[in-house]
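*Asks:* next come a sequence and a model predicted from it.
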Amino acid sequence: MLATLLLTVIILVISLILLSVKILFKKNGQFPNTHVSGNKALMDKGITCAQSQHAEQVVRKNLYDRLKEI
């Protein structure tokens, strides 16, 4: 039981170190932007994330609200 736990912790530590090599050893290293808004191909097609679309819809006023202001 203890050997399995120790082996698991060692594997996790090695995995974290290997995943962070680019960040630790590269000057100004940082994680890549995997968000939808960080993808140039999707931006060219006008595709945004659901949160951005919702924020745009909240800002827009419908016809009823525009007429009510007049």
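*Replies:* Sure thing, it's come through.
*Asks:* chain center to the longest helix seen in the chain: distance?
*Replies:* Under DSSP state H, the helix in the chain containing the largest number of residues is helix 2-19. Taking the mean C-alpha point of helix 2-19 and that of its whole chain, the gap between them comes to 26 Å (Cα atoms, centre = their mean, to the nearest Å).
*Asks:* tell me which helix or strand comes right after it.
*Replies:* On the C-terminal side of helix 2-19, the closest following helix or strand by DSSP states H and E is helix 21-25.
*Asks:* contacting residues around residue 11?
*Replies:* By Cβ atoms under 8 Å, 6 or more residues apart in numbering, no residues touch residue 11. Just so you know, the C-beta spots here come from the backbone N, C-alpha and C atoms, and that holds for glycine as well.
*Asks:* ok, back up a step: looking at the longest helix of the chain now, give me its mean pLDDT.
*Replies:* Helix 2-19 shows an average pLDDT of 94 in the prediction.
*Asks:* repeat that for stretch 53-69.
*Replies:* 82.
*Asks:* and it, how far apart are its ends?
*Replies:* As for stretch 53-69, its first-to-last residue distance stands at 24 Å under the measure Cα to Cα, to the nearest Å.
*Asks:* what about the residue nearest the centre of the chain, distance to residue 45?
*Replies:* The residue at the geometric middle of the chain, judged as the C-alpha nearest the mean C-alpha position with Cα atoms, centre = their mean, is residue 35 (3.6 Å). Counting by Cβ to Cβ, to the nearest Å, the gap from residue 35 to residue 45 is 15 Å.
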